[in-house]
Every structure is written in C-alpha cells, then in structure tokens.
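Undergrad: Pasting the sequence and the predicted coordinates here, then a few questions.
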Amino acid sequence: MASKSCCRTFTALERVLMVLFVLMTGVSVGLIIVMAVSRSSDTTDLLTTTPAPPPTDLLTTTPAPPPTGPEKPKPSEKPKPSEKPSDSSYLIGVGRADCTGPVAEVPLMGYASPDQTAGGIHTRLYSRAFIVANNSERVVFVSADIGMVSQRLRLEVLKKLQTKYGDLYRQENVVLSGTHTHSGPGGYFQYTLFIITSKGYIKPSINAIVNGIVKSIDIAHGNLKAGRIFLNKGEVENSNLNRSPHSYLNNPEEERRKYKSNTDKELVVLKMVDSDGNGLGLLSWFAVHPVSMNNTNRMVSSDNMGYASYLFEQEMNAGSLPGQGPFVAAFSSSNLGDVSPNTKGPHCINTGESCDNINSSCPIGGSNMCMAIGPGVDMFESTKIIGGTIFNKAKELYRTAQQEVTGPLNAAHQWVNMTDVTVQLNATHTGKTCKPALGHSFAAGTIDGVGGLNFTQGSVEGDPFWDGIRDALLGSPSNETQDCHHPKPILFSTGEMNVPLPWHPAIVDVQIITIGSLAIVAIPGEFTTMAGRRMREAVKNELESRGSLGQVEVVIAGLCNIYTHYITTYEEYQIQRYEAASNIYGPHSLSAYIQLFSSLARAIAENKVADLPKGPEPPFFNNSQLISLLPLNPVDKTPLNTSFGDVLIQTLQSYKRGEVVEVTFVSGNPRNSADMAEKTFLTVEKYENMTNSWKVVHTDASWETRFHWNKGTGGQSNVTVEWHVPSTAHPGTYRIQHFGHYKERPNFLPVMKPYEGSSGSFEIYN
C-alpha cells in the first residue's frame, strides 16, 4: 500500500514532537553505546546493610527471627514427598512468598511510560505455587503478581530449582505465569527493547522475583500431602469489555455467532483440599487486563486480580495478616489481550463524548484524549469493584465445586524458533512466521494507556516523518520483513536489530501440562479473545480424539515463561490496532502456535512426549552484557534539626471509621532496604489493654494502607503513610510505625543503617 505524501507542512505541535523524538532517539542510541562497551559489576552498592528492625512475623512488635521455611534439600539428596497418594488422589502442595522487589525509582512494567516509576506500595506482590504429584509424575503451576514472565526470569528460576532439586522440577513440568499487573517493578529482561524501557537490567528487581518464585515452590514442596481437586466454572458479569471491538468484528461472522460475547466471561476454578476435605488452595483463570490501576499510579500494586487473591486468602486465613496463613488463592491471567476492566468504555477526556471508533481518536486532541475508565470513581475504587466481583464469583464456585479432577499427570515442552515456522494453512497453502517487528499502532498505546505521540490505532500505512527518522537512525526494514508482516507498517524491525543484544527473542517456549482431564496451555504472551478460543478448541480436539482422557477442559494460561507481546487472529491482524501491531511474529503467528501446541497435545494423548525434540535452547547472556541504567541513589540527608524517622506531619488525635489517617516521616530512600521480602515498611498497631502491648493489625501488604515515598532535593526525602480506616476497625488507641534504612558513607564506602519512627497515639471511635 502506498505511503502518504511527503509534501506537507508541520504544525507547531508536530515540530515540537520532531525535536523531542530526535532528542529521545539520541538518548537511546547513547544508552545502547554505553551498554555495548560497558561491563556490569556483580557487586552492589549495598556493601554493608544492617538488617531492618521489623520482624517477619508481625503479630506483635517484639522482634522475632524470620521463618526459615521448609528445609532446603541438598543437591545430592532426592526430595521425598511427605505422604504417598492413594490411587484416587494426588499429592498437593501450595506455597506463597513475597516477590515485591524495589519500591522506589524503578520503572513499573506494563505501560512503558518513562515517567511511571515506583514511589511506594499500594499492595505487596506475591508468587503463588501449586504442585500436583502422583506416584510417577508431578507438575508445578506458579502465578506471580508481576507484569509477565521474562525468558531471563524463567531461566534463572530453573537454574535454582536444578541446584536444589535436580531434575524433579524442570522446564517440562514447571509453568511460570504472570498476572499481568502493570504496577510491578520492571528491569528483569535480557532483550534490548525491554532493557531500554525498564532502565536496564535491575538486579534487586529480578532477584526479588526469582527468590520469591523459588521460595513459593519450596514451601509448596514442603507442604505436599494427599488431597483431591475439584473443578468448577461460571460467568463473571460486568467485569470486562473488548477494547478492540472493531478488530473482533473482522473475525468470520459464522465463528462469532458461536459465542454470545466478544470477551470470555468464564472463570475457571480449581478447588484443592486435603484428604479430610480441609481447604488447601484455589487456582483460577480469568480473562481481564489488570489495568484498573492506571498509568498515573506510582505505587507497587497487584491490581484487580491481586485484590481478588487478597480477599480470598484473608477470608480463608482468618486472623492472619496479609501474606500469612496456609491457604493460597491465585487468580491467574488468561486470553486477556483485547480485554479491559474499564467497563465505562472509551471516552474523550476533554469532551466526554464516546471515542469507540476504529482509531480510538477524538475530534479534538486525537488518540491521546481517548481513554477508558470505570467502573469506579477512581482507580482504587475500580480495582476494588473488579477484584471484588471476581472474588465473589470464585467464592461461589469454590463452595459448590463437585466435579472431581482425576487421572494421570503429563507435561510437554519445546523450545521453538518462532521466526521461522512454516504453517500449513490448508491442503494447498502454507505460510511462515516472521522476524520480530512492531507496527506504527504499537506506539499509539490503547484506551487503557495511550502512547502520548501522534500515532493512532488502526494504521495500515507508514508515516514518512517517523519512517524517515527510523531509517536515518536505525536503518530501514528489509523488503523480506516488510512483505512478511504486511499489512503492518513497520515502525521498529526489532528482529533485524541486534546491538548491543537482540531486541526481541527468537527462541520461544511452548508448553502444556495436564492434570487428569484438565489441560493448561501455557501461552508465551497475550492472546486475544478469539485467538484463545481457537487455541482451546484445537487442543481439546487433539486430546479428546486421540487419547483416553475423555471430555477435556482446556484453560489458557497467559503471560507464561517468556514474553512475546500479543497474538491476534489473522483477521484481527488486518485491522492493525494496537494488539495486531504488537503481534511481533507476523500475521500467521496464531496459526503457528496452534500447530505447535496441537503437536504437544497429540504427543500427550498418544503417550509420545518422550519423542518430542527439545528444540533450540534460548540464549543466556552473561551478566557482563546486562547493565543497569538506574543511577545509584545518593547519601540520604535530613532537614535541619531532624533525624530519620522523625514525624514531620503528625496525626490528629481522633478519627472515625471511614476517615483517612495520615502521618509523614523523615525517611531514607526505600531502595536502601535491600531485602524487604516478608517484611514491611509500615505497621498500624492497636494498643491491647489486657497485655499492655501493641498488636499489629495492618502492614504495607494491607489493602487499607498506602505507603508514599516523596523524593526531595539534596538527598532529602519523606514518607507519608495513609491508613484508610475500615468499617470493621475496633474502637481504641492506635499508632503508625515506619521502618527503613538510610545511606551514609563514613569511610567512602556505602553503609545502610536502619531507622524507625512512630506517630503519636490516636483514637478510633464509632
């Protein structure tokens, strides 16, 4: 298709954007050069760190040593299950561990907004692991409160599991899935595109996630016991909408008539109980983007799906603080690619009129004014409404689950070069996947988070201005790549960009695990609604027609093992909205994945998994090739005549339920607190007259608290703690405490010293 004419004048805004683009490109090129010649150091700035004062077990403020968790087996030992399952049951283990990571200055992963860096905590992030075993096999499913699982993250986890457990937990039988919260720390990728947008490879970030995932598996392994699994499913209403309905409508009408909605509303729940019927855990899948917390948020948050987990675990672990208690509830991602939780739909934020058109554009302000909101009055209420609705349905399904899951366990995995897959489209025609590339509409963003420049969704032509800058700085896409991706106008030909490292992966995981008649398809990205439906149908047909599993339930698990952006149907690809422009392996990507996963399903059904070729292994780049672009934080300073932990703004003397308690402390940079896993930056405490002691009732993992870090100048900063007093709060005397570390250099070497501060006491009354 012909490009637009080059002969036009530019508006003042476009001239400003030209200058900004050139400046931003110059910075990016400079960073690339730095990365190409620099070597990262395995040492950190935390040469000396004194442990933080708050204990791990925060039942009282008396310090207590952190729990050691399950005993770690030595590499030479063969880990043994705690019990032997009967013929009609499984061994089931569940585990949960903190994977929050740094909560200051690190970019939040999801919206790709350079201004959206962490500055506090809304809720903590957790890894939730589920192990199901029988006498001959076992499978592991992990759902982590992160944006997505990166290839580097998975490889690091598998390496640690190999060291601890040998071949017991390996690439074939371990699935790692991200909930897709857009409010978790980034910096855990090894490919250049993500390195640039995440301020590099940030070791505190990836270490926290790796350690959290491995610890959750350790806990689940140590808790293995005989149990049973029940499956249930039901529809969740008023919790999602299709954010690219014009793309969906390009799918065949006959296919669309098979479904009553343009999103999947079904919530699939696994209820896990021990041999006595006592609850162990809940594992579920639902298709909705966790973007109720929008791109103005700067607090680490597990978003709507995390809130559903929070509610379920708090109810099942009554009396425990968040993140504690034996029951584990995971709400995992599914085919959410074109699914938004912002159920009021897209409107022009400057005029209020609908912008539900193919370009998501407004008459005044264009695509940057078109955003979706709702259902609440702000992002916190929206998160609460969506998460609460999903929780309520899960609670009902858990209570009424009667369909028992029984049968063998299977796991099939391959690595595939997704840039070179030949697809059999029909009896006479084939297609091929492409080297990775991103289209112009990728830069437009979505109605859940706009891109910020003058790009629009639905672009099927290039723009000579942006294409000219791209060609001058990065080179033009090859004719082969342009033809392969047609009708996508290529903005970045990432598959042809390899400096300092490849910009996108070529080797991708495909994996299926089965638990009896349940098949979990581990998707390496974000499937759209119809893409997920086609995959489920294809895998179901293979398993039911060739094997002895009977009627099979197939679930799509999203954001698994490696991130490859979006996967649309061929028909949706032609419209080139954001999801299609982000379909990096070209128009036949879905057909290729269906072919590959069908092959795995066939091998499981025919008991030929051992015959599957392993495939080409992905790269594991040296640490010296992965550097952090995050500047070191300076030595911390305090205002004149103050100390760290001093109160700058005191609480009031009394509050009613429903009001907000606020207190501001002199603080250090939260990045100084290197390992705060299973700890807290704050506590809300109630004075107990019977024991003359303070009891912790909330931490920074609680929904009711918010931890804001405010960076000042000259090394000064402060922390504001909010407690949104719930209607269930008991009348009495309370206080708020804050814990942290400050950095100093007494002998030119950085030293992290702990501090704490406490508000005055205040009363809560009816």
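TA: Okay, I see it.

Undergrad: Next, the contact list for Ser360, please.
TA: Pro346, Ser367, Cys370, Ala444, Thr446, Ile447, Thr456, Gln457, Gly458, Arg577 (CB atoms under 8 Å, 6 or more residues apart in numbering). Where you see a C-beta, it was placed from the backbone N, CA and C, and this is true even at glycine.

Undergrad: again, but for Glu617
TA: Applying CB under 8 Å, 6+ apart, the residues near Glu617 are Trp415, Ile507.

Undergrad: From Ile195, how far out is it?
TA: As judged by CB to CB, to the nearest Å, Glu617 and Ile195 stand 21 Å apart.

Undergrad: of the contacts of Ser360, closest to Val139?
TA: Thr446 (33.8 Å; CB to CB).

Undergrad: So that closest one sits against Gln457, correct?
TA: Yes: in terms of CB atoms under 8 Å, Thr446 counts as a neighbour of Gln457; the distance is 7.5 Å.

Undergrad: Who has more neighbours out of these two?
TA: Gln457 (32 against 26; other CB atoms under 10 Å).

Undergrad: all strands for the stretch 551-700 of the chain, in order.
TA: Remark: strands assigned in the stretch 551-700 of the chain by DSSP state E, counting those that start in this stretch are 553-557, 566-567, 647-649, 654-656, 660-667, 682-688, 693-699.

Undergrad: Which strands or helices does the third one pack on?
TA: The criterion is 3 or more CB pairs under 8 Å, 6 or more residues apart in numbering; DSSP states H and E, and the helices and strands that strand 647-649 contacts are strand 660-667.

Undergrad: Walk me through the regions of the chain where pLDDT falls short of the threshold, as ranges.
TA: Within the chain, the stretches with pLDDT under 70 are 1-88.

Undergrad: So for it, the centremost residue is which one?
TA: Gly147 (2.1 Å; CA atoms, centre = their mean).

Undergrad: pretty sure Ser143 contacts Thr181?
TA: No: taking contacts as CB under 8 Å, Ser143 lies outside contact range of Thr181: 11.2 Å.

Undergrad: so what's Pro746 up against?
TA: For Pro746, the contact set (CB under 8 Å, 6+ apart) is empty.

Undergrad: and it, how far is that from Lys540?
TA: 65 Å.

Undergrad: and if you look at Lys695?
TA: Distance, Lys695 to Lys540, by CB to CB: 52 Å.

Undergrad: Ile562 too?
TA: From Ile562 over to Lys540 (counting by CB to CB), the distance is 24 Å.

Undergrad: of the two, who's got more company?
TA: Neighbour count, other CB under 10 Å: between Ile562 and Lys540, Ile562 has more, with 27 against 17.

Undergrad: And the more buried one, its phi and psi?
TA: With angles defined as degrees, to the nearest 10, Ile562 sits at phi -160, psi 150.

Undergrad: ditto for Ala97
TA: Phi and psi for Ala97, reported as degrees, to the nearest 10, are phi -150, psi 150.

Undergrad: does it really touch Ser127, like I thought?
TA: Yes: judged on CB under 8 Å, Ala97 makes contact with Ser127 at a distance of 5.3 Å.

Undergrad: related to what we said a few turns ago, highest average neighbour count across the strands of the stretch 551-700 of the chain: which stretch is it?
TA: Most buried of the strands of the stretch 551-700 of the chain by mean neighbour count (mean count of other CB atoms under 10 Å) is strand 566-567; its value is a mean of 26.

Undergrad: Asn426: neighbour count?
TA: Using other CB under 10 Å, the number of residues around Asn426 comes to 7.

Undergrad: in what helix or strand does it lie?
TA: Per DSSP states H and E: Asn426 is located in neither a helix nor a strand.

Undergrad: And for Asn207?
TA: Residue-wise, Asn207 maps onto helix 203-222 under DSSP H and E.

Undergrad: Quote the end-to-end distance of stretch 217-226.
TA: For stretch 217-226, the first-to-last residue distance is 17 Å (CA to CA, to the nearest Å).

Undergrad: Actually, stretch 647-658.
TA: 23 Å.

Undergrad: hey, where'd the strands end up in the stretch 301-450 of the chain?
TA: Counting by DSSP E, counting those that start in this stretch, the strands of the stretch 301-450 of the chain are 328-333, 339-340, 345-348, 370-373, 403-405, 409-417, 422-424, 430-432, 438-439, 445-446, 449-450.

Undergrad: For stretch 390-407, which outside residues touch it?
TA: 88, 228-236, 239, 267, 269-271, 282, 284, 286, 288, 304-305, 307-308, 311-312, 315, 329, 331, 515-518, 549.

Undergrad: related to what we said a few turns ago, which one of the strands of the stretch 301-450 of the chain has the most crowded surroundings?
TA: Comparing the strands of the stretch 301-450 of the chain by mean neighbour count (mean count of other CB under 10 Å), strand 328-333 comes out on top with a mean of 30.
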